[in-house]
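Engineer: following is a predicted model, sequence given first.
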Amino acid sequence: MLKKLFQSFRSPLRKPQQHVRTTPEVLSSSQHSLQRNQFSRYAVNIVERLQTAGYQAYLVGGCVRDLMLNIEPKDFDVATSATPEQVRAEFRNARIIGRRFKLVHIHFGREIIEVATFRANHPIDDEDEDSNQSSRNESGRILRDNVYGTLEEDAQRRDFTINALYYDPVTERVLDFANGVHDIRNRLIRLIGDPQQRYKEDPVRMLRAVRFAAKLDFGIEKHSATPIRPLAPMLRDIPSARLFEEVLKLFLSGYAEPTFEMLVDLELFEPLFPASNKALEYNPTYTHTLISDALANTDSRVKQNKPVTPAFLFAALLWPALPARVLRLQERGMPPIPAMQEAAHELITEQCQRIAIPKRFTMPIREIWDMQERLPRRSGKRADLLLDNPRFRAGYDFLLLRESAGEETEGLGDWWTEYQEANDSGRRDMIRDLGSKSETGQGPRKRRRSGSTKRKRTGADSSASGE
Ligand code: ATP
Ligand code: MG
């Protein structure tokens, strides 16, 4: 199979380090910076117990990679030769879970350690592969993969070289099958094996390449980057529920802004958000500013451990695609407000075919957008009613975002900022002032911007409100 894997490699530039070795490079404790007390003690205990029971077991993946880069790992994964049933037999607090493949979760209070049995890549040369264990579709995409394998095979089926490092906390050695340490030193994301084939097997790897490049501030190695643009449309065939999970990881991990830039550059944004991508083509400056401001604010909230809601994020990602639709419906004779409602409905329905946004988020997206129509209408008791609305904060933050992207609202954001800060009599004056300026209920008419300099309004606190 390896032979087939490398048949397409003709370029003299290609280095042999694409190979997964059958014997790894072994780094002793003096040759790497990892220390066993940097790892979760539960994960270390699990590895020790599995080894004592006679199995192979290692810490693997993101935790080894991140600690080598002095980044605090998100979680600790264990890989072992024991089957899920064998692992469960060793630990009372273990549960077998299985979505795409069977895994064991071992619970220690709130911490969960994921233990995965070594797996192999698909036997693609086999005509009569066992369809219960593995299957691919015509384009080469893996549909199920529950084929257990050896440690070497497990290293080979992993996505990137930097994700295929195994740490043994007992001997304190690192096993490197794919020159991952070299790529960590050179800050490179490099697929293991033939990039085109590996992306075809699982197109989500293209998104993962971008996610790790943005998070780690790594480059994507040339041969791993080149196939992405031509293969990007393959993301259209990925189940929408899986894409929802991936998109959350892309945009809620604290690196959404650089991730967005890279997705656009590598043409991965189009298959994820087709309507927004069109808006990006027709109205590049506004669309780009609105989305990247929203993402930058989200990043800064994530880094401050403040809550963020996917609803605000999706509301911003999709908003630039709305006007063209509203206009089209209006041209067919629909009045503005129903046209807006209908356009919002259509857009969200279409988007959900690509990315399955759950209802608990689509409802607040609609509410944030509805709020944009209501914020200009402030006369009488309306302003106070809006202030009491649980979506007010998100709606107001969204208004500021639109303004900072260049939308003209005749100072509406400033008005609301002032209104929130004013005392009762100040508020009454502001409403009276509106009346004398003939607020029609359709939007702000003659109000001047308060002050010549804009207030600072798009700071970290003012968007992606985590309610
Ligand atoms: P983080 O958890 O910090 O996002 P990670 O590398 O741990 O990063 P996970 O999604 O938790 O990423 O996956 C754990 C490991 O499983 C990865 O390091 C990689 O080796 C392997 N892996 C995950 N997804 C894939 C995939 N689609 N194809 C091949 N290997 C994968
Ligand atoms: Mg992980």
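Structural biologist: Yes, it's here. Predicted model, so just to flag it, every value in this text is computed and none were measured. Ligands and ions are numbered 1, 2, ... in the order given.

Engineer: from here on, just use CA atoms for contacts and neighbour counts.
Structural biologist: Fine.

Engineer: so which bits of this structure are right by ligand 1?
Structural biologist: 61-62, 74, 157-159, 163-164, 205 (CA under 6 Å from any ligand atom).

Engineer: okay, buried residues for stretch 165-174 please.
Structural biologist: For stretch 165-174, a neighbour-count test (16 or more other CA atoms under 10 Å) marks 165-169, 172-174 as buried.

Engineer: could you do stretch 389-400 as well?
Structural biologist: 391-400.

Engineer: what is the nearest of those to residue 235?
Structural biologist: Nearest to residue 235 among the buried residues of stretch 389-400 is residue 398, at 29.4 Å by CA to CA.

Engineer: ok now the helix or strand containing that closest one, how far from the chain's centre?
Structural biologist: Residue 398 belongs to helix 392-404 when assigned by DSSP states H and E. Offset of helix 392-404 from its chain centre (CA atoms, centre = their mean, to the nearest Å): 23 Å.

Engineer: ditto for stretch 68-78
Structural biologist: The mean C-alpha position of stretch 68-78 is separated from the chain mean by 18 Å, CA atoms, centre = their mean.

Engineer: from here on, call the first residue 887.
Structural biologist: Yes, from this point I'll number from 887; that puts the last item at stretch 954-964.

Engineer: can you give me the buried ones in that stretch?
Structural biologist: 954-955, 959, 962-964.

Engineer: can you pick out the most distant pair from those residues?
Structural biologist: The most widely separated members of these, counting by CA to CA, are 955 and 964 (19.0 Å).

Engineer: and residue 1276, helix, strand or coil?
Structural biologist: When classified by DSSP: H, G, I helix; E, B strand; the rest coil, residue 1276 comes out as coil.

Engineer: name the nearest residue to residue 1226, sequence neighbours excluded.
Structural biologist: residue 1212 (5.4 Å; CA to CA, 6 or more residues apart in numbering).

Engineer: rewinding a little: which one of the buried residues of stretch 1051-1060 sits closest to residue 1225?
Structural biologist: Among these, and counting by CA to CA, the member closest to residue 1225 is residue 1051, at 54.2 Å.

Engineer: phi, psi of that closest one?
Structural biologist: phi -100, psi 140 (degrees, to the nearest 10).

Engineer: how near is the closest residue to residue 1048 other than its chain neighbours to ligand 1?
Structural biologist: The spatially closest residue to residue 1048, leaving aside those adjacent along the chain, is residue 1066, at 4.3 Å (CA to CA, 6+ apart). Here residue 1066 is placed at a distance of 11 Å from ligand 1 (CA to the nearest ligand atom, to the nearest Å).

Engineer: what's the answer for residue 1161, then?
Structural biologist: 26 Å.

Engineer: so what's the most centrally placed residue in the chain up against?
Structural biologist: Taking CA atoms, centre = their mean, the centroid of the chain lies closest to residue 1136, which sits 1.7 Å from it. Neighbour list for residue 1136: 1093, 1097, 1142, 1145 [criterion: CA atoms under 8 Å, 6 or more residues apart in numbering].

Engineer: in the stretch 887-1036 of the chain, mark out all the helices, start to finish.
Structural biologist: For the stretch 887-1036 of the chain, the helices defined by DSSP state H, counting those that start in this stretch cover 888-893, 927-938, 948-954, 970-976.

Engineer: rounded mean pLDDT for stretch 1276-1294, please.
Structural biologist: Mean per-residue pLDDT for stretch 1276-1294: 95.

Engineer: only C-alpha atoms, please: export that stretch in CSV.
Structural biologist: Extracted in CSV, the C-alpha atoms of stretch 1276-1294 (Å, rounded to 0.1, in the frame of the first residue of the first chain):
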residue,chain,number,x,y,z
PRO,A,1276,-33.2,39.9,26.8
ARG,A,1277,-31.7,40.2,23.3
PHE,A,1278,-31.1,44.0,23.6
ARG,A,1279,-27.4,43.7,24.4
ALA,A,1280,-26.6,41.3,21.5
GLY,A,1281,-28.8,43.5,19.2
TYR,A,1282,-27.0,46.7,20.3
ASP,A,1283,-23.5,45.1,19.9
PHE,A,1284,-24.6,44.0,16.5
LEU,A,1285,-25.6,47.5,15.5
LEU,A,1286,-22.2,48.8,16.6
LEU,A,1287,-20.5,46.1,14.5
ARG,A,1288,-22.5,47.1,11.4
GLU,A,1289,-21.6,50.8,12.0
SER,A,1290,-17.9,50.0,12.4
ALA,A,1291,-18.0,48.1,9.1
GLY,A,1292,-19.3,51.3,7.5
GLU,A,1293,-23.1,51.0,7.5
GLU,A,1294,-24.7,54.4,7.8
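
Engineer: please compute how far it lies from its chain's middle.
Structural biologist: For stretch 1276-1294 - counting by CA atoms, centre = their mean - the centre lies 23 Å from the chain centre.
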